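Student: Here's a sequence, model it:
(one chain, ligands or ions: 1)
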Amino acid sequence: ADTDLRYKRVLLKLSGEALLGDQAFGIDHSILATYAREVREAVEAGAEVALVIGGGNIFRGVSPEGTQMSSRAHADYMGMLATMINAMALQDALENAGLHTRLLSAIEMKEIAEPFIRRRAMRHLEKGRVVVFGAGTGHPYFSTDTAAALRASEIGADVILKGTRVDGVFTADPEKDSSARRFASVYGAEVIQRDLKVMDLTAVTLAKESGLPILVFNMNTPGNLRRVLNGEDVGTLVHW
Ligand code: UDP
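Tutor: As a prediction, the model looks like this:
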């Protein structure tokens, strides 16, 4: 395996919403299969890959249509369960791609996932297993972005990779302004000050405290994950 990767141990955050594809609801399995191939390339290159996946395609705690819920906390727990459904689908796709995986849940569900135990997660990664962290942080009032920053900090990841549908952070909205340019890198302080919407503020603040860089990149471009690991000029690096 390649040893001169720019990043060796990575935490890849994928959004739940991206799993919709062209569907109005649920999971587009062809998208999961594409992600699984990307992750396999990364593992074959010698990277240790941990994943956090969102649940926005199924249920979100804070959403306009969620306002009929009587409590935010109750809705958030439902959101965390939604991430477990995605996590199980992702685990299946990764195994179909020939990878060895473990699913670790922040909420105990012993029939389908291991409980989250930090040292066990690290051991799995050392053994070349792909680790999927489900159920977010296990706590309401947080997001899966924050779960990504938390788990990345705990396992000593080299970087948080935020896989999105856009090529990175731009000077303006590239869909509205043709002169918009991508930042190759940007100071985290600027992300916070200008509210550049890389991740939510709790997640960005935690990444800052851990000194963890965040790399925002387009997960829908085949080969991009591998390019990121190689240190090629892909996406936007948020650094401190
Ligand atoms: N959630 C939570 N605590 C966590 C992670 C997630 O309460 O630590 C809930 C929250 O309601 C959130 C939902 O789970 O809206 C789905 O996660 P998220 O919105 O982050 O998913 P994404 O936007 O990435 O699809």
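Student: C-alpha only now, for contacts and for neighbours.
Tutor: Noted.
Student: can you pull the buried residues of stretch 30-45?
Tutor: Of all the residues in stretch 30-45, those buried under the rule 16 or more other Cα atoms under 10 Å are 31-40, 42-43, 45.
Student: which residues are contacting the helix-or-strand element of the chain with minimal mean pLDDT?
Tutor: When each helix and strand of the chain is scored by mean pLDDT, DSSP states H and E, helix 188-193 comes last, with a mean of 93. Contacts of helix 188-193 from elsewhere in the structure, counted by Cα atoms under 8 Å, 6 or more residues apart in numbering, are 196-198, 201, 204, 208, 238-240.
Student: Pick out the most distant pair among the residues you listed.
Tutor: Based on Cα to Cα, the longest span within the contacts of helix 188-193 runs between Lys197 and Trp240 and measures 16.2 Å.
Student: just to revisit the earlier point, who wins on neighbours among the contacts of helix 188-193?
Tutor: Highest neighbour count within these, by other Cα atoms under 10 Å: Val238, with 26 neighbours.
Student: right, and the helix or strand after the longest helix along the chain?
Tutor: The longest helix of the chain (DSSP state H) is helix 72-96. Remark: after helix 72-96, the chain's next helix or strand is strand 101-105, criterion DSSP states H and E.
Student: Give the pairing partners of that following strand; include direction for each.
Tutor: Counting by DSSP bridges, the strands paired with strand 101-105 are strand 114-115 (parallel), strand 130-134 (parallel).
Student: Any stretches of this protein with poor pLDDT?
Tutor: 1-3, 63-67 (pLDDT under 70).
Student: Going along the chain, name the helices of it.
Tutor: Counting by DSSP H, the helices of the chain are 29-44, 72-96, 118-126, 144-154, 188-193, 201-210, 224-230.
Student: a markdown table for the buried residues of stretch 30-45, including distance to Ala157?
Tutor: As requested, the buried residues of stretch 30-45 are exported to a markdown table (distance: Cα to Cα, whole Å):
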| residue | distance to Ala157 |
| --- | --- |
| Ile31 | 25 |
| Leu32 | 23 |
| Ala33 | 24 |
| Thr34 | 23 |
| Tyr35 | 20 |
| Ala36 | 20 |
| Arg37 | 21 |
| Glu38 | 18 |
| Val39 | 16 |
| Arg40 | 18 |
| Ala42 | 15 |
| Val43 | 15 |
| Ala45 | 16 |
